[in-house]
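Asker: got a predicted structure plus its sequence, pasted below:
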Amino acid sequence: MVDYHAHTNLCGHATGSVSEYIESALSKGIREIGFSDHAPLPESIRGGYTMPADEVDTYIKTVEEQRDRCAHRIAVRVGFEVDYPLRGSFASGYLTDSRIDYLIGSCHFIDGWPFDHPEFIDGYRVREIDDIHARYFSILGSLAESGLFNVVGHFDIVKKFGFRASRDFLPAIEGIARSMAANGVAAEVNTAGLLHPAGEMYPSDSILRVFFNCNVPVTLGSDAHSADQIGYQFPLALEKITGAGYRKISGFLKRKRYDIAV
């Protein structure tokens, strides 16, 4: 069992230390844990929700120290969750940092609107829902083609607050999936959607089947923002993964993906 999407108090809006997350993972039988705190963004864009640029080294060193301390008990990986599209005005050295094991590329903004933040939910009421989904999946298509990331995060988080598209976006999603497969990009099965109004994981069962049919590898992530959320609903997630046809999930080391039998 692995959990490759964990946030800590170092990213500004989660609670719990790296060591607390590791102990939680161990108590739940998780053999690999990946830390993916939010990479820096300009303060004016997401102040308090991402790591300040001058704390990147502290974050990496903290995870490395715990990795070395716990090496005989659990595999610990160093990662970041990176907002896409990228902003040209923020520190991005971590994109090529040799200490990093994996990068999750995620979309949290649609043309400047933080669509997944509850304080900005009214944005759904002044926009066409189908247009929101179309723009979101267009951004994911570019993300998949960028070659910058190992994983696409919470693939269909645009459904987070329950605003569902009336159009069928599966043909567009299949195109994104083929691009992910061609570029060696995995998708995460993110269980946090079960805690949101969407009421289901990211991605949906139908999208997960598209991923399998397009040979997109998958990994597991709880998107934990507190230590107790590590491994949240993973038995159900594994049931969905194997039900879609998968017999392997992905782990990462030094930006390389490897298979783990399930």
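Answerer: That came through, no problem. Residues are numbered from 1 along each chain as shown.
Asker: from now on I want contacts and neighbour counts done on CA atoms only, so please keep to that.
Answerer: Noted.
Asker: torsion angles phi and psi at the closest residue to residue 174 other than its chain neighbours?
Answerer: Residue nearest to residue 174 in three dimensions, not counting chain neighbours: residue 210, with 6.3 Å by C-alpha to C-alpha, 6 or more residues apart in numbering. The phi and psi torsions at residue 210 (degrees, to the nearest 10) take the values phi -60, psi -40.
Asker: per-residue pLDDT, residue 210?
Answerer: For residue 210, the pLDDT comes out at 99.
Asker: that one and residue 167: what is the separation?
Answerer: Applying C-alpha to C-alpha, to the nearest Å, the value for residue 210 to residue 167 is 17 Å.
Asker: what does residue 199 give?
Answerer: Separation of residue 199 from residue 167 (C-alpha to C-alpha) stands at 20 Å.
Asker: the two: who's more crowded?
Answerer: Per other C-alpha atoms under 10 Å, whichever of residue 199 and residue 167 has more neighbours is residue 199, with 15 against 11.
Asker: which SS class is that one?
Answerer: Classification of residue 199 using DSSP: H, G, I helix; E, B strand; the rest coil returns coil.
Asker: number of nearby residues for the residue lying closest to it once chain neighbours are set aside?
Answerer: Take residue 199 and drop its neighbours on the chain: the residue closest to it by C-alpha to C-alpha, 6+ apart is residue 193, 5.9 Å away. Counted by other C-alpha under 10 Å, the residues lying close to residue 193 total 23.
Asker: going along the chain, name the helices of the stretch 151-262 of the chain.
Answerer: 170-182, 205-213, 234-243 (DSSP state H, counting those that start in this stretch).
Asker: tell me which of the ones you listed approaches residue 72 most closely.
Answerer: Proximity to residue 72, assessed across the helices of the stretch 151-262 of the chain by C-alpha to C-alpha, is greatest for helix 234-243 (23.3 Å).
Asker: on that earlier part again, can you pull the contacts of the residue nearest to residue 174?
Answerer: 173-174, 177 (C-alpha atoms under 8 Å, 6 or more residues apart in numbering).
Asker: with residue 251 instead?
Answerer: For residue 251, the contact set (C-alpha under 8 Å, 6+ apart) comprises 2, 4, 32, 219, 257-260.
Asker: please tell me how far the closest residue to residue 224 other than its chain neighbours sits from residue 33.
Answerer: The spatially closest residue to residue 224, leaving aside those adjacent along the chain, is residue 6, at 4.8 Å (C-alpha to C-alpha, 6+ apart). Separation of residue 6 from residue 33 (C-alpha to C-alpha): 8 Å.
Asker: now swap in residue 253 and tell me
Answerer: Distance from residue 253 to residue 33, counting by C-alpha to C-alpha: 11 Å.
Asker: neighbour-wise, which of these two wins?
Answerer: The residue with more neighbours, out of residue 253 and residue 33, is residue 33; 27 against 17, by other C-alpha under 10 Å.
Asker: wouldn't that one be in contact with residue 22 here?
Answerer: Yes - contact criterion C-alpha atoms under 8 Å: residue 33 and residue 22 qualify, at 7.2 Å.
Asker: residue ranges of the strands in the protein, please?
Answerer: All strands of the chain, identified by DSSP state E, fall at 2-6, 32-38, 75-83, 102-106, 151-152, 186-190, 218-221, 248-253, 256-261.
Asker: which helices and strands does the first one pack with?
Answerer: Other elements packing on strand 2-6 under the criterion 3 or more C-alpha pairs under 8 Å, 6 or more residues apart in numbering; DSSP states H and E are strand 32-38, strand 218-221.
Asker: neighbour-wise, give me the winner out of the contacts of residue 210.
Answerer: Neighbour-wise, those (other C-alpha under 10 Å) top out at residue 177, 29 neighbours.
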